[in-house]
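Novice: just coords:
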């Protein structure tokens, strides 16, 4: 289970998934990607505020329980005809949990951040809602009680606040959807404000010093001093904007985004593609016949994981940690699919040896 709920949900929104959502809604993929980056933490922030209201946590828990299999069956839901059904289900979630007013505020804020119109952002929000609820269910560790959900959202407030894009706090603050973040949201907003004030203060100080020097200089020498003042102001702004870049900055990215390229091989992409293929194959197994058809694909996924395992010794400590962070959140979903498939009559005899091997390989990659 990942420690960061925002990252956990975002890891499921692979480029392929984003492309399918964009195609289903008739939207530009880059705008959808931008919108999802804003929507996931915004929805979670709103859920945290609702969970703090009387009866709110129970509503969220009920919705999460109904969507507990959403992430595990993501590929199936995005197949032909799936996105429309997903959006319809999500719209019902938004309506029942947030209500029309807060749901509209969320859609409006997401649209302004990403450049989508409100109808498009509303449709995207509906598509996303079941996935967020599924992420809550998966991340809850099985505790889908009202208290469990409220505690989970409260424990994630710092991660949620950090993931909110610039400007989102201002857009949602008036709607009361960020109340659960408390000081965390205020600190994020204050930090941005302080940066602007510091820049203004730096320019003002330099300008003031130059003006005082010009005022005390003889009239004949003031012309060149005015030019000097202007040069100092420009230099001060440039130093603030570019000189600060040399200071250490902690990037606000998920651990899994670290480069995992080794010897010209993008291990991270190979793992993502293998696990996505594995998940798609598993969701397509419904009986013994489909199990036989899926067996070569499962074996191929195992071969791809073997290739990754072969280069583990070449990974740095940071890359190894990033790989673990990439694989670990997916293990519960895949294990659930493994168990579901093996419970189908006649399938265990065909796939159990291969699935047991896959489980071992995945455990090694996530260790």
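Specialist: Perfect, thanks for sending it. Just so it is clear, the model here is predicted, and its values are computed rather than measured. Numbers count the residues shown, from 1 in each chain.

Novice: tell me the contacts of residue 285?
Specialist: The neighbours of residue 285, taking C-beta atoms under 8 Å, 6 or more residues apart in numbering as the test, are 291, 294, 341, 344, 347, 351. Where you see a C-beta, it was placed from the backbone N, CA and C, and this is true even at glycine.

Novice: what's the closest of those to residue 43?
Specialist: Residue 43 lies nearest to residue 341 out of the contacts of residue 285, by C-beta to C-beta, at 30.7 Å.

Novice: number of nearby residues for the closest one?
Specialist: Counted by other C-beta atoms under 10 Å, the residues lying close to residue 341 total 24.

Novice: now residue 92
Specialist: Residue 92: 15 surrounding residues under other C-beta under 10 Å.

Novice: again, but for the one 5 residues further on
Specialist: Look at residue 97: counted by other C-beta under 10 Å, it has 22 neighbours.

Novice: quick one: which of the contacts of residue 285 sit in strands?
Specialist: Among the contacts of residue 285, no member falls in strands (DSSP state E).

Novice: Among these, list the two that are farthest apart in space.
Specialist: It's 294 and 344 that sit farthest apart of the contacts of residue 285, by C-beta to C-beta, at 11.3 Å.

Novice: Neighbour count: the two, which is higher?
Specialist: residue 294 (23 against 16).

Novice: Is it correct that that one is in contact with residue 283?
Specialist: No. Checked against C-beta atoms under 8 Å, the pair residue 294 and residue 283 is beyond contact range at 10.0 Å.

Novice: any low-confidence regions in this structure?
Specialist: Scanning the chain with the threshold set as pLDDT under 70 gives 1-3, 68-86, 173-176, 179-259, 262-264, 367.

Novice: As a check, name the ranges of all strands in it.
Specialist: For the chain, the strands defined by DSSP E cover 261-262, 265-266.

Novice: Would you mind giving those strands as CSV with distance to residue 152 added?
Specialist: What follows is the strands of the chain, written out as CSV (distance: least, C-beta to C-beta, whole Å):
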stretch, distance to residue 152
strand 261-262, 34
strand 265-266, 33
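
Novice: Quick one: closest of those strands to residue 313.
Specialist: strand 261-262 (9.7 Å).

Novice: Tally up the residues packed near the nearest residue to residue 50 once chain neighbours are set aside, please.
Specialist: Computed as C-beta to C-beta, 6 or more residues apart in numbering, the closest residue to residue 50 that is not its neighbour in sequence is residue 56, at 4.0 Å. The number of residues packed near residue 56 is 18, by other C-beta under 10 Å.

Novice: oh, and call the first residue 575 from now on, that's how I've got it
Specialist: Let's use 575 as the start, then, which means that last one is residue 630.

Novice: From residue 925, how far off is residue 630?
Specialist: According to C-beta to C-beta, to the nearest Å, residue 630 stands 42 Å off from residue 925.

Novice: Count residues in the vicinity of the residue lying closest to residue 938 once chain neighbours are set aside, would you?
Specialist: Nearest residue to residue 938, sequence neighbours excluded (C-beta to C-beta, 6+ apart): residue 883, at 6.4 Å. The number of residues packed near residue 883 is 12, by other C-beta under 10 Å.

Novice: Quickly name whichever of the contacts of residue 859 is closest to residue 752.
Specialist: The shortest approach to residue 752 among the contacts of residue 859 belongs to residue 915, at 41.4 Å (C-beta to C-beta).

Novice: Helices of the stretch 625-774 of the chain, start to end?
Specialist: Assigned by DSSP state H, counting those that start in this stretch, the helices in the stretch 625-774 of the chain fall at 630-640, 648-651, 656-667, 673-688, 692-713, 720-729, 731-737, 742-747, 757-790.

Novice: still on that earlier bit, include distance to residue 745 when you put the contacts of residue 859 into TSV, please.
Specialist: Putting the contacts of residue 859 into TSV (distance: C-beta to C-beta, whole Å) gives the following:
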residue	distance to residue 745
865	49
868	46
915	44
918	47
921	49
925	49
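
Novice: Show me the residues you listed that map onto helices.
Specialist: Within these, residues falling in helices by DSSP state H are 865, 868, 915, 925.

Novice: from what I can see the first one touches residue 917, true?
Specialist: It refers to residue 865. No. Using C-beta under 8 Å, residue 865 is not in contact with residue 917; the gap is 11.9 Å.

Novice: What separation is there between residue 707 and residue 869?
Specialist: As judged by C-beta to C-beta, residue 707 and residue 869 stand 33 Å apart.

Novice: got it, and residue 877?
Specialist: From residue 877 across to residue 869, the span is 13 Å (C-beta to C-beta).

Novice: picking that back up, of the ones in helices among the contacts of residue 859, which is the nearest to residue 887?
Specialist: The shortest gap between residue 887 and any of these belongs to residue 925, at 30.3 Å (C-beta to C-beta).

Novice: Sounds good, over and out.
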